[in-house]
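Visitor: Prediction below, plus the sequence it came from.
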Amino acid sequence: KAGVTQTPRYLIKTRGQQVTLSCSPISGHRSVSWYQQTPGQGLQFLFEYFSETQRNKGNFPGRFSGRQFSNSRSEMNVSTLELGDSALYLCASRDSNYGYTFGSGTRLTVV
Amino acid sequence: AQSVTQLGSHVSVSEGALVLLRCNYSSSVPPYLFWYVQYPNQGLQLLLKYTSAATLVKGINGFEAEFKKSETSFHLTKPSAHMSDAAEYFCAVSGVGGSYIPTFGRGTSLIVHP
């Protein structure tokens, strides 16, 4: 059974640009969550999607957005990038028993 | 709001020694509790989870954790550390206040000396 796939693994962007990250959950999982991980703030919840609907949202500015497609794949977008957005972005898919499986993450560096 | 406290940002042990990583949660009701491990440049891998069944939970790689409601704790242990156990460990809680979104602790870096 394939795990959670995140693409790309590494990304370098310039301040002011926008970026889109992709996540494919485990087959059959309909819930996808996104987290931002930084050394200073640890793991912070961004948002969760279930059946193409955002069900929960963390405390991040509107520059951070996401969506989920009918095949459960999810994308997150960050507009007007700031240096502080440099982080490891992790995606997780949830099974029916509240088990979260994480992908390997996308390392975003903003220069 | 639910929260998790991991005592000690770094824990250092010798190979073969007992591993003990501490986690305390704040909740008035028994939540779901998890331990995850993260190796460098990798995502989080689930070690074990407590979902109100047995209080002693066995996970992968020889790890186990005991849920103690009276102490609001969920400490992670392993009898004998291996060099390959060196990684970052995260405790997480969910299921409090109707929210099943996990809240993570700040993590504990386990260092294993030969």
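Guide: The structure has been received and is ready for your questions. Numbering: from 1, shown residues only, chains lettered A, B, ... in the order given.
Visitor: Any idea how many residues pack against the closest residue to A:Leu11 other than its chain neighbours?
Guide: Leaving out its chain neighbours, the residue that sits closest to A:Leu11 by Cβ to Cβ, 6 or more residues apart in numbering or on different chains is A:Leu108, at 5.0 Å. (Each C-beta comes from the backbone N, C-alpha and C, glycine too.) By other Cβ atoms under 10 Å in any protein chain shown, the residues close to A:Leu108 number 20.
Visitor: how about the strands of the chain, start to end?
Guide: Chain wasn't specified; assuming chain A. Under the criterion DSSP state E, chain A contains strands at A:5-7, A:10-13, A:19-24, A:31-38, A:42-50, A:53-57, A:64-68, A:74-78, A:87-94, A:100-102, A:106-110.
Visitor: Let me rephrase: I mean chain B.
Guide: Going by DSSP E, chain B shows strands at B:3-7, B:10-14, B:19-26, B:32-38, B:44-50, B:56-58, B:64-68, B:73-78, B:87-94, B:103-104, B:108-113.
Visitor: if we can go back for a sec, could you dump the strands of chain A to a markdown table with mean pLDDT?
Guide: Converted to a markdown table, these look like this (pLDDT from 0 to 100):
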| stretch | mean pLDDT |
| --- | --- |
| strand A:5-7 | 97 |
| strand A:10-13 | 97 |
| strand A:19-24 | 98 |
| strand A:31-38 | 96 |
| strand A:42-50 | 94 |
| strand A:53-57 | 93 |
| strand A:64-68 | 97 |
| strand A:74-78 | 98 |
| strand A:87-94 | 95 |
| strand A:100-102 | 92 |
| strand A:106-110 | 97 |
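Visitor: What lies in contact with stretch B:13-25?
Guide: Stretch B:13-25 has contacts (Cβ atoms under 8 Å, 6 or more residues apart in numbering or on different chains) with B:2-8, B:11, B:31, B:33, B:35, B:63, B:65, B:71-83, B:85, B:89, B:91, B:93, B:105, B:108, B:110-114.
Visitor: Which residue, neighbours along the chain excluded, lies closest to the spatially most central residue of chain A?
Guide: The centre of chain A sits closest to A:Trp34, judged by Cα atoms, centre = their mean, with a distance of 3.6 Å. Distances taken as Cβ to Cβ, 6+ apart put A:Leu46 closest to A:Trp34, at 4.1 Å, once the chain neighbours are dropped.
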